[in-house]
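Student: Need coordinates for the following:
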Amino acid sequence: MKVTVVSKDPPGGRCTLYMGYARVIAEGCGGEVEIVYPPTGGEIEPPALLVDGRLIAPADGLILSPVDVHLGLTGTGYPDVLALLEGAEARFMEGCGG
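Tutor: Now for the predicted structure:
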């Protein structure tokens, strides 16, 4: 499994959060993380998260939540990592002072 983070360079808040999600997914599912920095106007604008080439879209159209990522993995045969994704989000928020 490959988890791809489409990131700005340098990464901002959402990019950093998505990198945390990617690490959790890869560790929980035995996959690898790839970070790409596309040019402006590319096919997929950052920030974005892809699992095995499949884009996981935020339900609110703005920012991926742990539930969005969990639902994006549902039915793919990967283990349930919702609690770990929520932990990654909590660590991110603590680091932001939020």
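Student: For the rest of this, base every contact and every neighbour count on C-alpha atoms.
Tutor: Noted.
Student: The most centrally placed residue in the chain: helix or strand, and which one exactly?
Tutor: Note on the chain: the residue nearest the mean C-alpha position is Y18, at 3.4 Å, using CA atoms, centre = their mean. Secondary structure from DSSP states H and E places Y18 in helix 13-29.
Student: And the contacts of that helix?
Tutor: Contact with helix 13-29 is made by 1-8, 31-33, 46-49, 63-64, 66, 78-79, 81, 84-85, 88-89, 92, as judged by CA atoms under 8 Å, 6 or more residues apart in numbering.
Student: what are the phi and psi values for G61?
Tutor: Backbone torsions of G61, given as degrees, to the nearest 10, read phi 80, psi 0.
Student: Just the pLDDT at it, thanks.
Tutor: Note for G61: predicted pLDDT of 93.
Student: measure it to G53 for me?
Tutor: 19 Å (CA to CA, to the nearest Å).
Student: follow-up on the earlier one: could you give me the buried positions within the helix or strand following the helix holding Y18?
Tutor: The helix or strand immediately downstream of helix 13-29 is strand 32-36, counting by DSSP H and E. Across strand 32-36, burial judged by 16 or more other CA atoms under 10 Å covers V33.
Student: Give me the residues contacting the helix or strand following strand 32-36.
Tutor: Following strand 32-36 in sequence order, the next helix or strand is strand 48-51 (DSSP H and E). By CA under 8 Å, 6+ apart, the residues outside strand 48-51 that reach it are 1-7, 15, 18, 22, 55-57.
Student: before we move on, the earlier item: same drill for G61 and G53, tell me which one is more crowded.
Tutor: Between G61 and G53, counting by other CA atoms under 10 Å, G53 is the more crowded of the two (11 against 7).
Student: quick one: contacts for the more buried one?
Tutor: Shown in contact with G53 (CA under 8 Å, 6+ apart): 2-4.
Student: Kind regards, and thank you for your time.
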